[in-house]
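Asker: Have a look at this prediction, sequence included:
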Amino acid sequence: MSSKHKSQSHMGHQARKRFGQNFLHDPRVINNIVKSIRPKAGDNIVEIGPGMGAITEELLEGTSGYLNVVELDRDLIPGLRVKFFNQPGFQIHEADALKFDFASLKKDDTPLRIVGNLPYNISTPLIFHLLSYSGLVKDMHFMLQKEVVQRLAAQPGDKNYGRLSIMAQYRCQVQHLFDVGPGAFKPAPKVDSAIVRLLPYTELPHPAKDTKVLSSVVRTAFSMRRKTLRNNLKNIISSDALESLSIDPGLRPERLTLEHYVRISDYLVDHAIEIDRNQDDEHLIEHE
């Protein structure tokens, strides 16, 4: 996330479209984000995309000067080094967060706390990349497009409820904290943003026997949102089998809970019914 306190080396930096950069500059919003994170000494915080260091500065104060940041734009790195040169616990990793090994930042038994103003074009694959480290992560706080946060947090019956909601909520508790208007950024994006908190489960509330099968079931169910489960799932499970699982085949996919989808996927595993497993959650498209 990125700064209103621009050092000289940052003054000429233009936000880059290919990196999806929108630099946060509103001190009230920055303060609200940091209050939501509540950084404290001893935390192992990782910031993705520090930009010009607006949030970085506040996080360093909270953690008594220990912080890892992952930044892809090499033009921003010299300015960050200058700005935080007197913080020996500040470490920059010039890398693409989508490919970065976050397990390399683990120290002792202290779990990672991950923070980021995520570029909208990579937010979904990046969240699922990070959830693959969920055993090492205490919490995650992200600035995302408001629509994506609404979909992450949506409950059954909500128009935003879909694949992203189910597969994120399978792995973690999702909390939509607050919204952020375009005016808090330079340049101002064309969409509203929101802050989301993701809390990975230490024990999954509804563990599936095979998560790839679960993901495929959910993808197949939502392939045509307006049609019923009877139509969308007819090639993998019969209406009678759905009824045997206490699921009404006449329902639309957005009426089912995560637990229902786990029930269907476990049935397929138990009965050795083949289903296409080739698409990972990381490649969930932004618009279903």
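Answerer: Arrived safely. Numbering: from 1, shown residues only.

Asker: ok, residues contacting the longest helix anywhere in the chain?
Answerer: Secondary structure of the chain per DSSP state H: the longest helix is helix 258-270. The set of residues external to helix 258-270 that reach it, using Cβ atoms under 8 Å, 6 or more residues apart in numbering, is 166, 169-170, 206-210, 213-214, 216-218, 221, 233, 236-237, 241-242, 245, 247, 273, 275. (C-beta placed from N, C-alpha, C; glycine too.)

Asker: and with 6 Å instead?
Answerer: With contacts defined as Cβ atoms under 6 Å, 6 or more residues apart in numbering, helix 258-270 is touched by 166, 169-170, 206, 208-210, 213-214, 217-218, 245, 247, 275.

Asker: ChimeraX command for the buried members of those?
Answerer: To isolate the buried ones among the contacts of helix 258-270 in ChimeraX, judged by 16 or more other Cβ atoms under 10 Å, type:
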select :166,169,170,206,208,213,214,217,218,247,275
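
Asker: how about the contacts of helix 258-270 in CSV, adding secondary structure and distance to residue 193?
Answerer: Shown next, in CSV, are the contacts of helix 258-270 (DSSP: H, G, I helix; E, B strand; the rest coil; distance: Cβ to Cβ, whole Å):
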residue, secondary structure, distance to residue 193
166, helix, 23
169, helix, 21
170, helix, 25
206, coil, 30
208, coil, 32
209, coil, 37
210, coil, 35
213, helix, 34
214, helix, 30
217, helix, 32
218, helix, 26
245, coil, 39
247, coil, 36
275, coil, 36
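
Asker: ok, so of the contacts of helix 258-270, who is nearest residue 134?
Answerer: Relative to residue 134, the closest of the contacts of helix 258-270 is residue 170; by Cβ to Cβ it sits at 10.4 Å.

Asker: For the residue nearest the centre of the chain, pull up the helix or strand it's in.
Answerer: By Cα atoms, centre = their mean, the chain has its centre lying nearest to residue 127, at 3.2 Å. Per DSSP states H and E: residue 127 is located in helix 123-131.

Asker: State the distance from residue 133 to residue 172.
Answerer: Distance, residue 133 to residue 172, by Cβ to Cβ, to the nearest Å: 12 Å.

Asker: who has more neighbours, these two?
Answerer: More neighbours surround residue 172 than the other of residue 133 and residue 172, with 21 against 18 (other Cβ atoms under 10 Å).

Asker: Enumerate every residue touching that one.
Answerer: Residue 172 touches 198, 199, 200, 201, counting by Cβ under 6 Å, 6+ apart.

Asker: ok, 10 Å please
Answerer: 127, 130-131, 134, 137, 139-140, 152, 197-201, 204 (Cβ atoms under 10 Å, 6 or more residues apart in numbering).

Asker: again, but for residue 153
Answerer: Taking Cβ under 10 Å, 6+ apart, one finds 160-161, 164-165, 168-169, 173-177, 194, 196-198 in contact with residue 153.

Asker: What subset of those is buried?
Answerer: Using 16+ other Cβ under 10 Å, the buried members of the contacts of residue 153 are 160-161, 164-165, 168-169, 174-177, 194, 196-198.

Asker: on that earlier part again, and the residue nearest to the centre of the chain, what's its pLDDT?
Answerer: The model reports residue 127 with a pLDDT of 90.

Asker: Would you quantify the distance from the closest residue to residue 84 other than its chain neighbours to residue 40?
Answerer: Distances taken as Cβ to Cβ, 6 or more residues apart in numbering place residue 90 nearest to residue 84, at 4.4 Å, with adjacent residues excluded. According to Cβ to Cβ, residue 90 stands 17 Å off from residue 40.

Asker: Which one's more surrounded, these two?
Answerer: Neighbours were counted for residue 90 and for residue 40 using other Cβ under 10 Å; residue 90 has more, 22 against 11.

Asker: Enumerate every residue touching that one.
Answerer: If a contact means Cβ under 10 Å, 6+ apart, then residue 90 has 50, 53, 56, 59-60, 63, 65-69, 80-81, 83-84 as its contacts.

Asker: Now find how far off-centre stretch 26-38 is within its chain.
Answerer: 19 Å (Cα atoms, centre = their mean, to the nearest Å).

Asker: again with stretch 114-124
Answerer: Centre-to-centre, stretch 114-124 and its host chain are 7 Å apart (Cα atoms, centre = their mean).
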